[in-house]
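Peer 1: Structure, please.
(4 chains)
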Protein chains: 2
Amino acid sequence: MITRPPSIKDVARLAGVSTATVSRTLNNLSSVSPETRELVMAAAGEVGYRFNQVARNLRRRQSGAIAVLVPNLGNPFFSDILAGIESVMTQSSINVLVLDTYGLSAQSADIADYLSSHRADGIICLDGSLDPGTFVTQHNSGVLPLVFACEWPAAGNICSVRADNIRGAQLAIQHLVDLGHTRIGHAEGPAANVLTIERCRATIETLRENKLAVEPDWFFKGDFSLESGAAAARQWLAIDTPPSAVFCASDLMAIGMISELNANGIAVPDDISVVGFDDIDISRYFVPALTTIRQPTGQLGVVAATTLLQQLSAEGCADSPALLDVELIVRASTARLTPGS
Amino acid sequence: MITRPPSIKDVARLAGVSTATVSRTLNNLSSVSPETRELVMAAAGEVGYRFNQVARNLRRRQSGAIAVLVPNLGNPFFSDILAGIESVMTQSSINVLVLDTYGLSAQSADIADYLSSHRADGIICLDGSLDPGTFVTQHNSGVLPLVFACEWPAAGNICSVRADNIRGAQLAIQHLVDLGHTRIGHAEGPAANVLTIERCRATIETLRENKLAVEPDWFFKGDFSLESGAAAARQWLAIDTPPSAVFCASDLMAIGMISELNANGIAVPDDISVVGFDDIDISRYFVPALTTIRQPTGQLGVVAATTLLQQLSAEGCADSPALLDVELIVRASTARLTPGS
DNA sequence: GCATACTTTGTAATCGATTACATACGAGGG
DNA sequence: CCCTCGTATGTAATCGATTACAAAGTATGC
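Peer 2: Below is the predicted model of the structure:
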């Protein structure tokens, strides 16, 4: 026998009060007498009352959810951030919707369509390649509260939470310099990406500050992926005077690169030093354990979520992006330059 | 100036028809004349009408979302499955809610609370340790449509989608046997986990079929994590006559184990062969590249999502669990047993 | 004793869609 | 010409909560 689930009305009837009183009781508004409160709570328990979020959301003109746009869910780096976001939002009883922008990036109209139908009250975007204009709803050119995390769009003054990429690159390069390396290369992320741009720029600047050569041949194009790291290794192998150290824009690239170098008889760190970026879980277990720049991944998610919550409660957004600290983690993939190599 | 977003009423007024007609047009019901349809569409375009999912959901007594319970979002294995689920659900315009059960497992009342307030129309659970009873709503003891993916609860006849774990373990062990190994161990997953139980049982059976010893000391307790793999390595090092090959219940464990062995001067596969399970992205780039059992991760998500969609459209659920094929991927972490070792 | 203020509760409108039912109109059959 | 039926559309109830406003009752001050 299927009956409909009990509503606030059923509770009201049983308790002998109005639905308004029930609602007030359930929402802990002060103007309910203790006796009535007790009555209502008892009645609610008796009928097995369960809250209906959908109805509340309609009345409040909200959706009770935020959407997280992830470039690639399969990437552990992103899912770590997602975990951070989720932990905060669940505490606030806000639903977290995930959207993988992997296939969609091209036609961001899909995303706009999806979000414009009042599905989410706010957005956290981990995909810096998305145009913030995508999120402008057609009505009043109003925008949904929006926070970029990790990546951010190059143009405009958008609320964002990021790791200190500049400093990360500086730490990486300076570490290699301190080890005596003078021929230092860089395996870059995807071309249009802001992270790529920042890390690349900081790499070049730090090299210059140390009066070291910035050799175009030593800069390898990539896209943060394992495979692009392997590709960088193949390019490295083809160079006459290759760099003795390479700073990779992601741990995955570093792993891909080391793996491919190994397959070709080049040993890390004996023949070449490699630094990664991110400090994903696996890095400390890789062989050799990766020297890398640690990003506070989960923290990025937590801060992004907190920032979005502030925006949702109409407190607006700070002008300057939140910048989280990074840290150099020295392990076994880098070594002092030996005369032999 | 903030005005409310245009509703179906505004469209109706502009088009000079009733809201019922607008609704029928927008939902592509047949009983609308072509002229009216055109009128309505034009009006909708003009006012910049955007659908309100919340209102529709209230009327239809649904939430338009499904929830995915993930034991640990940070684990790339799970987020791959999540990606598969997401791709299917987005096509059906259904929201995907993620819930990390990491901290919650203990008090599953939290989860029940969260879901009982009409937030989701169905559930995909990747956490086999959750009691399906958790999802019983108090009303009519009705349950939300529920599909377990990857893991599943040991008891009861629950709809689930799984990889063929038995066969996976058989393939792994047989591979080691074929390489001449006779002392074979197993690094297990978490104790209560069904995957642990299945893989462990199939391991033992396959060893017996090959008339090989099943030595308790060669079975290492773990929990699928990198660290537990490293712990297994330390145990291995302490054994007088250690196994010459170990089948690890996950790639992460295999990586953790190889890493720790390496740190202690034991070479893989020269001194010991190691097989993993899952074939996560990194496995082929690890040094040495992992021999492993490939699970169709994304496919697991896709099938689980499709199954849930069937349940949602009231087609019920097949009795027997969907079983997806696994595959042995031979790489460099296993080798023929040499007389020396 | 009466006016004022405050507390507690009820009535009913509202959020924005869907849909059962009613109505109007035109076509076709006898 | 009238009756029946089908098509296109409108009217209004409904989903389940929230909340503005009103009303009733109680306490306080003079």
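
Peer 1: Low-confidence bits of the stretch 201-341 of chain A, can you list those?
Peer 2: Residues of the stretch 201-341 of chain A that meet the criterion pLDDT under 70 lie in A:314-319, A:339-341.

Peer 1: for it, what spans make up the strands?
Peer 2: Secondary structure of the stretch 201-341 of chain A (DSSP state E, counting those that start in this stretch): strands located at A:219-220, A:245-248, A:273-278, A:291-294, A:322-324, A:327-329.

Peer 1: same for the last one, what does it pack against?
Peer 2: Contacting strand A:327-329 under the criterion 3 or more Cβ pairs under 8 Å, 6 or more residues apart in numbering or on different chains; DSSP states H and E are the following elements: helix A:165-178, strand A:291-294. Just so you know, the C-beta spots here come from the backbone N, C-alpha and C atoms, and that holds for glycine as well.

Peer 1: chain center to it: distance?
Peer 2: Put simply, strand A:327-329 sits 19 Å off its chain's centre (Cα atoms, centre = their mean, to the nearest Å).

Peer 1: and if you look at the shortest one?
Peer 2: Between the centre of strand A:219-220 and the centre of its chain there are 25 Å (Cα atoms, centre = their mean).

Peer 1: which other helices and strands contact that strand?
Peer 2: Here strand A:219-220 touches strand A:184-187, helix A:226-238, going by 3+ Cβ pairs under 8 Å, 6+ apart.

Peer 1: Show me the contact partners of that strand.
Peer 2: Strand A:219-220 is contacted from outside by A:185, A:186, A:187, A:188, A:200, A:231, A:232, A:235, A:236, A:246, using Cβ atoms under 8 Å, 6 or more residues apart in numbering or on different chains.

Peer 1: next one: stretch A:195-208
Peer 2: A:128, A:150-151, A:154, A:165-170, A:172-174, A:177, A:184, A:186, A:188-190, A:213-214, A:219, A:247, A:249, A:277.

Peer 1: Now rank the contacts of strand A:219-220 by neighbours and give me the top one.
Peer 2: residue A:246 (32 neighbours; other Cβ atoms under 10 Å in any protein chain shown).

Peer 1: if I pick the closest residue to that residue other than its chain neighbours, what's in contact with it?
Peer 2: Excluding its sequence neighbours, the residue lying closest to residue A:246 (Cβ to Cβ, 6 or more residues apart in numbering or on different chains) is residue A:185, at 4.5 Å. Counting by Cβ under 8 Å, 6+ apart, residue A:185 touches A:215, A:218, A:219, A:220, A:236, A:242, A:243, A:245, A:246, A:247.

Peer 1: Pretty sure the second one sits against residue A:181.
Peer 2: What that stands for is residue A:218. No: applying Cβ atoms under 8 Å, one finds residue A:218 not in contact with residue A:181, separated by 11.4 Å.

Peer 1: circling back: so which of the contacts of residue A:185 is the closest to residue A:270?
Peer 2: residue A:245 (12.2 Å; Cβ to Cβ).

Peer 1: residues near that closest one, how many?
Peer 2: By the criterion of other Cβ under 10 Å, residue A:245 has 29 neighbours.

Peer 1: which residues does it bridge with?
Peer 2: Under the criterion DSSP bridges, residue A:245 forms beta bridges with residue A:184, residue A:273.

Peer 1: That one touches residue A:176, doesn't it?
Peer 2: Yes: counting by Cβ under 8 Å, residue A:245 touches residue A:176, with 4.4 Å between them.

Peer 1: Give me the common contacts of the two.
Peer 2: Contacts common to residue A:245 and residue A:176, judged by Cβ under 8 Å, 6+ apart, are A:184, A:273, A:275, A:334.

Peer 1: Farthest pair within those?
Peer 2: A:184 and A:334 (11.1 Å).

Peer 1: where do the contact lists of those two overlap?
Peer 2: Shared contacts of residue A:184 and residue A:334, counting by Cβ under 8 Å, 6+ apart, come down to A:176, A:245.

Peer 1: wait, which of the contacts of residue A:185 is closest to DNA strand D?
Peer 2: For DNA strand D, the closest of the contacts of residue A:185 turns out to be residue A:247, at 53.2 Å, with distances computed as Cβ to the nearest atom of the strand.
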